[in-house]
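# Mind folding the following:
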Amino acid sequence: MQTRKITSAVPVAPPSLSRSATLLFAGASGLSVANVYYAHPLLDALAADFAIPPAAIGGVVTATQVGCTLALVLLVPLGDLLERRRLMLVQALALSAMLALVALAGSPLMLLAAMLLTGALGTAMTQGLIAYAASAASAHERGRVVGAAQGGVFLGLLLARVLAGAIGDIGGWRSVYVCSALTMLVLAMLLWSGLPRLAAPPQRMPYRRLIGSMFLLLRQDRVLQVRGALAFLMFAAFNIFWSAMVLPLSAAPYSLSHTAIGAFGLAGAAGALAAARAGRWADRGRGQATTFAALVLLSVAWIPLALLGTSLWALVIGIVLLDLGGQAIHVTNQSMIFRAHPNGHSRVVGAYMLFYSAGSGLGALATTAVYAAGGWAGVCLLGAGVSVLALVFWAATLRSGTACRVVS
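This is a model prediction of the structure:
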């Protein structure tokens, strides 16, 4: 006589992503995004090496940003179509090749083309890792894991200028890209061996439909629209400061070097690390409270920033507050949109980051014109105005009930 084993349904806690995998996501995100920003403190060396007029050398940064935007539309959504671990390996190897091409560039045209592709692959890999982390994490820890990965992005973004300036001072600008190309090769091996293996997407939609679905999200999804608008204003404020900061610090009475100015990114890194906890609060349903506190910090930060002419310590305090508020908003935004779209992380992060790209570009463009007309005081008024506008917009969506639906 056979007996059947009867098992009762006992609730089992969902598995958590290992600490080593979380750290790998954070470190890889920071290293990949840094490639997009290495050129900023090296522009004078690039202008001298390629005989590019100072007024036109900004085209190097523009080419990189064009690559970033193209990646958000054309490459980042591939994570919802292809197996993520293999995709990360291919992108890391391709990025290493592009960085080597930058180091070997012999003409301005070759430099610009390599920079455009570096921006595209660096952005695709960074945002792909964020979406990968969100997919690998369980629902109860997704905000924490995304917060850790996004903390790595902010650290990479802020410290890239410091690292590039230091290596460039020692071995020249080409050595920066040689070192980064080798680093990406090592990172490719670490990603292949250390990232969790996820199942391939169950539905293989055509590539054209995949891209079209991302724009459908932009047109129809209120969660993405509200959080994207907040990201647009936050990143505009962020770049209003960082794009203009070099102007007063490089002039009298401070007359600081590019390396010294880049070192102020260390203060921003402290704020970015502190804000990584915003993901934990979003996991606990406190996304709106976190958003309010972060927007207040973003607005208040401009008070000490306005004192740059009299105190560098006030500047440091302002940078910490600005980056703490901005990073907390960014992590909370991503936690909410990932929760609303559990099966389309790559497309939703690509669509969301389009707001980032637009806000960053417009903020940088506006701040140079305002600085020429109104000096540092004008820049701070502009930044404070954009930050307060973000707070007012969030409050309006809260009253209308939109923000409440975002949390549900």
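
# Give the residue spans of the protein that score low on pLDDT.
In the predicted model, the chain carries pLDDT under 70 at residues 1-15, 54-55, 58, 201-203, 258-259, 272-277, 279, 283, 400-408.

# residue ranges for the helices of the stretch 301-408 of the chain, please.
Counting by DSSP state H, counting those that start in this stretch, residue ranges of the helices within the stretch 301-408 of the chain are 302-305, 312-340, 345-400, 402-407.

# C-alpha coordinates for the helix or strand harbouring Leu224, CSV please?
When secondary structure is defined by DSSP states H and E, Leu224 falls within helix 222-244. Output of helix 222-244 as CSV, limited to C-alpha atoms (Å, rounded to 0.1, in the frame of the first residue of the first chain):
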residue,chain,number,x,y,z
ARG,A,222,0.8,58.5,-14.5
VAL,A,223,3.3,57.1,-12.1
LEU,A,224,6.1,57.5,-14.7
GLN,A,225,4.9,61.0,-15.7
VAL,A,226,4.8,62.4,-12.1
ARG,A,227,8.0,60.8,-11.0
GLY,A,228,9.7,61.7,-14.3
ALA,A,229,8.6,65.4,-13.9
LEU,A,230,10.2,65.4,-10.4
ALA,A,231,13.3,63.9,-11.9
PHE,A,232,13.4,66.5,-14.7
LEU,A,233,13.3,69.4,-12.1
MET,A,234,15.7,67.8,-9.7
PHE,A,235,18.3,67.0,-12.3
ALA,A,236,18.0,70.5,-13.7
ALA,A,237,18.7,72.0,-10.3
PHE,A,238,21.5,69.5,-9.8
ASN,A,239,23.2,70.5,-13.0
ILE,A,240,22.5,74.2,-12.5
PHE,A,241,25.0,74.0,-9.6
TRP,A,242,27.6,71.5,-10.9
SER,A,243,27.9,73.2,-14.3
ALA,A,244,28.4,76.6,-12.9
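
# Can you say which of the helices of the stretch 301-408 of the chain is packed in most?
Mean neighbours per residue, mean count of other Cβ atoms under 10 Å, is largest over the helices of the stretch 301-408 of the chain for helix 312-340, with a mean of 24. In short, each C-beta sits where N, CA and C put it, glycine included.

# Can you give the distance of that helix from its chain's centre?
Taking the mean of its C-alpha atoms, helix 312-340 sits 11 Å from the chain's own mean (Cα atoms, centre = their mean, to the nearest Å).

# could you give the angle of that helix to helix 345-400?
The directions of helix 312-340 and helix 345-400 differ by 100 degrees, with axes from the mean of the first three to the mean of the last three Cα atoms, to 10 degrees as the criterion.

# ok so, going back, buried set for the helix holding Leu224?
Neighbour-count burial for helix 222-244, counted by 16 or more other Cβ atoms under 10 Å, picks out 223-244.

# Kindly report the same for stretch 122-140.
Within stretch 122-140, the residues that count as buried by 16+ other Cβ under 10 Å are 122-137.

# In helices, which of those residues appear?
122-136 (DSSP state H).

# what's the burial count for Ala100?
In terms of burial, Ala100 registers 18 neighbours under the definition other Cβ atoms under 10 Å.

# Begin at 131 from now on, thanks
That works, and once the first residue is 131, the last one we named lands at Ala230.

# With that, I have no additional questions.
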